[in-house]
Every structure is written in structure tokens, then in C-alpha cells.
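Chemist: predicted structure and sequence below. I'll ask about it afterward.
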Amino acid sequence: MDGRSSQFFQNKAIERLMELGLINDQQVHALLASGHQPLRELINNGWVSESDYATTVSQTFAVDLASSEHLPSSGVAGIEDLRSFLHENEALPLSLNEGVLRLAVTDPSSHFVVQVLRAKLGHKIDLCVMQRTQLLDALDSLYPISAASESVKAQSAQSNIDVGVEAALDSDSQLVRDVHRLIQRAVSAHASDIHFESIDSSLRVRFRVHGLLRTVHTFSPDVANQVVARLKLMAKLDVSEKRHAQNGRFRFPADGRIVDLRVSTLPLHNGESIVLRLLEFELSQLALTSLGFAPSVVDQLTLAVHAQQGMLLITGPTGSGKSTTLYALLNHLNQSQLKLVSIEDPVEMKMAGVNQIQVNDEYGLGFSEALRSVLRQDPDVIMVGEIRDAETAQLAAQAALTGHLVLATLHTSTAATAFARLKNLGLPDYLQAATLRTVLAQRLIRVRCEACFSDTAATGKSDKPDCSDCQGSRYAGRRVIAELIPFDSLRMLSEPHAIRLGEPDSETQRPHLKWSEVDWNAQLLNGVSMSDDANELLRLGVTDAAEIYRVLGIVSAQEPA
């Protein structure tokens, strides 16, 4: 394919993307005015999802669409010296047969790549298209770039802050493109966090996918400071400040949507750790019914949030999906006739119609101070991101007692242990009984990869490292498991005669059970605990016993059907 025919097909691909409504006129003008290759800029800007882009381009250029299933077990021999070139131009050699090199690319219009490889290797080139994240992961696996070779290609061997800032400001530099590309890869891989960590003077990059971390890249010591500077500039943080932790955020277009990223920096003895939390706007638009809870749990949560007052608690460790559930509840309540106020640390999702407060302890605005001020604002619904101390617990209970609906989270392992935790925070039995409406405990559990499961059933092999759906992890996606102590149980126990805490009943002369003596596990909705919920997924073959043990720390007695 020569330059003119390449330009023709490139324009046809852009026209096709416009016809499908995937890009608009304004974006096309920006592409053509950039001075770079339009198709490359299209995916650099993240305006189109990787799957839509790869499918459209392969059809337009009449080349095959390859996937991770077509990857070889090892790289093509004899091209070790071209590894940096392959990475920079996103070109992946798949095989060499009878003088024909099969080459996967993201942009088949790049005539330059074909010319260079043909001249260097003396082979014919057979092009195919692959989704960018799959191609880049395969490049890292089959044609890794060592720290030494990366050092050679680094723009500067100096590590002072001035050089770092200069490189970080150059939006056309290879380093900046590498950083942006990593963020795009994280979005496509459905990562929740990106970790940049100083390890032995290098900068290790890891993605957290479905709760677990995996290393995806390592920047050499020569460019580590420049990468850190670039991330700080994107988040509008102080580049020169390395002794104190900083927090910021920025927005980034990737995989056809805009992603909010929350940035946290932490000084280390040998550099800095930077964590990017990916916050997708769609999470704030979720409905309760789309979170994966059992219908009975959804019904009880809906009943609880329709109460005009009281407190609904969501419990679980960090990363168990509590914030997502809270946002779904707020979204359900977000009506013009109600005033909704949230107190968060940090504000993870911006929600239209909700008054959101960012906790800032440095300026004396903690959860308790913010909650005290909110109560003077005549709210109908208050969301407290986390009950951390006795004062916040007391204020939340008082708010629930005086006509407000309070949604809050608490760090406990089960729904039943929430009551002991509140007692430890100084919330007496009578106040718990009078205010609590529902207590929900939840976790996120990985579900099996259907592609791997189908392949195992067909071939008898359980290992499929080249699976494009799960990248060899055997899991694809997560499901919520939950247990709930419902509104009806708490309401019954909050009746006046039920909270006399051991005083004899004048009619029966029998003592009533104390609030602290209630067997809360027996009050679980339909008697279903989180382990029961997980075991049902195991019985249906949705997950496996190893994953249940990882999340809950229990050995399941159930076997899949």
C-alpha cells in the first residue's frame, strides 16, 4: 500500500466512523489540523472505543482483525534490535512464514512502518489490525524493552526536576505519549487504579483489575522523575513538592468516553508513589437493579430509602463497592422536591442535583464538622461517606432521629457486627434501635471467564494464558455478594416495649431481650448470609471455591453443579 492509497483508506475509515456516529465534525477538524496521522490521533485522544475502532478500520482497509487468541508463544526471531521501533509505532510481529511477516498494527495507514520493516528484514509484510490494549500487552510480553535499552532512548539522562518538568510539558514527547497510553490501557482493561511506585530507582506501573494488582510496565531511572512530573502537571499539583502528600484530579478521554481520575501522591524514602483512581461518570447514574443484588435485597433497600427518616448503613472493607451502592441510592432519591447533601472524602463522582461536600481536615472540615453544618441547611437526605468516630456516629444518629434520612458507610466485616461497632463508638442501644432502618454488608467477588470455561469444557485444558477476555486470569468481571438485616426486623425491635433492655413486661412478667443480646445473624433477610450468597454463585458455576476463600476467608462446602 503506497502513501496515496493509504491516505484514501484513512479518509474512508474516518468517514465510516462519522457515519456510525462515533465521531463528529469538530473531532474530524481537530484530527486533520493536528499535523499528525489522523487515525493515530483518533485513538490517542480516546474518542472511539478500541473495539469499535479496530472493527471499523479492519473492514475499511480490508485486513484481518486479530485478537489475543492469535498470539504466538514466543516472538519472531531476528528482530531484537527493532524492539524500541515496534513499541513506538505499535507494531506487533506475529509470525514469519515463507518470507512473509504477519504484522499486527493499530494503524494500517502507516506506510512508514511497513517500509522500515521491509527494508530492515527483507520480508513481505502481511498486515492485520488488533485492539490497542491487546497489542500493547503482547508487545510487553513478547518483545520487552529492557531498562538499559530504554535508558539509551531516553531524551535526557539527567534526573533533576527542571529536566523532568521540561519533558513533562512537551506534549509531543515520547514520554508523554507513553504516560497517556498507559492511562488508556488501564481504562480499556477496566482497571480501578493505576499505581506508579519507586522501586530500586525505577518506576513500576501496576493496574488494579477486579481487586488484584498486576505489573504492566516499568520506567527506567532516567525517566522516572519526568513521569512523576507529568502526572503532577496533569493533576495541577506542585511539581517541586516532594516532601508532603498531595491530592488532585483531572479528566482524560479514553476508549470513547471521558474518565475522571483522582490523583494521590505519597513521599517515599526513595522517591514518590502516585496512585490514580479511575472514576467513571456512569457509576453515578447506576440504578439499584443494575448492581447485581438479589431482588429481595433491592426491595428492602428501596423500602428503606423511601422512609422519611432513619439511618441506612452499608458495611464492608475498602474496595467492596460501598460507594457505588451509595451513589445508586442517591441517584434513586435524586428528585427536585428533595434536598440531598453528601459529605465525602473524597468526592468520587459529581452528581447533578446533589450538594456534595469535600472533607478537608487541614481546614477543620471533618465529617463531624461538616455534618453539624449540614443540619442547619434543612436537608432531606444526608449521605455520610464514612462514620469514623464517636462524634460523627452521634450526629448521624441524631440527624436520623430528627426527621432526616441518613445514608452512611461503616467498616465492619458483617452486617451483624455493625451494632457492636456502633456501641464501641458510643452509640447506646436505645439510639440504635430508634434510628437504624437497614444494615447491608457487601463484597465484590470475581466471576469465571466464560471464554476460558467454554474452552476448558471443549479441550479439557484449564490454562488459557492468551485469553482476550481475562488475560489468562480465568476471571472476567465481578459480582456483588451481600447480606442484609431488613427494615422490618429493626422496626419491630425499635418498638418501645422491645427496648426496655431487660425490664419485666407488666402483662407477661417476662423480661424482653436486650438489644445487645439479639442474635443479629438470625435476623438476616431470608436467612441468607454473604457466605450463603457466595455459595449459590459457586453452585451455579459463576465463581469458584478459591475466589470465595480469597474474599471471605472461608472454605466452601458447596460444589458447582
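Modeler: On my side now, so go ahead.
Chemist: residues in contact with the most centrally placed residue in the chain?
Modeler: What sits nearest the mean C-alpha location of the chain, by Cα atoms, centre = their mean, is Ser192, with 2.1 Å. By Cβ atoms under 8 Å, 6 or more residues apart in numbering, the contact set of Ser192 is Arg208, Val209, Gly211, Arg277, Leu278, Gly319. Quick note: C-beta positions are derived from backbone N, CA and C, even for glycine.
Chemist: ChimeraX command for the buried members of these?
Modeler: Buried residues within these, by 16 or more other Cβ atoms under 10 Å, are selected in ChimeraX with:
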select :208,209,211,277,278
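Chemist: ramachandran coordinates for the residue nearest to the centre of the chain?
Modeler: With angles defined as degrees, to the nearest 10, Ser192 sits at phi -90, psi -30.
Chemist: now the one 4 residues further on
Modeler: As for Phe196, its main-chain torsions (degrees, to the nearest 10) stand at phi -110, psi 110.
Chemist: quick one, grab the pLDDT at it.
Modeler: In this prediction, Phe196 carries a pLDDT score of 97.
Chemist: in the sheet, who's paired with it?
Modeler: Val205, Ile274 (DSSP bridges).
Chemist: so for stretch 226-244, what's the average pLDDT?
Modeler: If you average the pLDDT values across stretch 226-244, you get 91.
Chemist: can you name the element that comes right after the helix or strand harbouring Ser58?
Modeler: Using DSSP states H and E, Ser58 maps to helix 50-61. Where DSSP H and E defines the elements, the next helix or strand beyond helix 50-61 is strand 64-66.
Chemist: list the contacts of that next one.
Modeler: Ala54, Thr55, Ser58, Leu94, Ala104, Cys128, Val129, Met130.
Chemist: again, but for stretch 376-383
Modeler: 326, 329-330, 333, 338-344, 355, 371, 374-375, 396, 399, 404-408.
Chemist: so of the residues you listed, which ones are in strands?
Modeler: Residues of those located in strands (DSSP state E): Leu340, Val341, Ser342, Ile343, Glu344, Asn355, Leu405, Val406, Leu407, Ala408.
Chemist: ok, what's across the strand from the last one?
Modeler: Here Ala408 sits in beta bridges with Leu313, Val384, going by DSSP bridges.
Chemist: which ones are touching it?
Modeler: Contacts of Ala408 (Cβ under 8 Å, 6+ apart): Met311, Leu312, Leu313, Ile314, Met383, Val384, Gly385, Glu386, Ile387, Ala396.
Chemist: which of the ones in strands among the contacts of stretch 376-383 are buried?
Modeler: Leu340, Val341, Ser342, Ile343, Glu344, Leu405, Val406, Leu407, Ala408.
Chemist: can you name the residues that contact the second one?
Modeler: Okay, so that is Val341. Per Cβ under 8 Å, 6+ apart, neighbours of Val341: Val354, Asn355, Gln356, Ile357, Val374, Gln377, Pro379, Val381, Ile382, Met383.
Chemist: filter those residues down to the buried ones.
Modeler: Val354, Gln356, Ile357, Val374, Pro379, Val381, Ile382, Met383.
Chemist: TSV for those, including distance to Tyr363 and pLDDT?
Modeler: Below are the buried ones among the contacts of Val341 laid out as TSV (distance: Cβ to Cβ, whole Å; pLDDT from 0 to 100):
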residue	distance to Tyr363	pLDDT
Val354	22	93
Gln356	16	94
Ile357	12	94
Val374	16	93
Pro379	22	94
Val381	25	96
Ile382	21	96
Met383	21	96
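Chemist: so how far is Gln356 from Ile343?
Modeler: Separation of Ile343 from Gln356 (Cβ to Cβ, to the nearest Å) stands at 8 Å.
Chemist: tabulate the ones in strands among the contacts of stretch 376-383 (TSV), appending distance to Pro108 and pLDDT.
Modeler: Compiled in TSV, those are given as follows (distance: Cβ to Cβ, whole Å; pLDDT from 0 to 100):
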residue	distance to Pro108	pLDDT
Leu340	50	96
Val341	52	96
Ser342	47	95
Ile343	51	94
Glu344	46	90
Asn355	50	94
Leu405	56	96
Val406	56	97
Leu407	51	96
Ala408	53	96
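Chemist: which residue is the nearest non-sequential neighbour of Glu348?
Modeler: Of all residues not flanking Glu348 in the chain, Leu279 sits nearest, at 5.2 Å (Cβ to Cβ, 6 or more residues apart in numbering).
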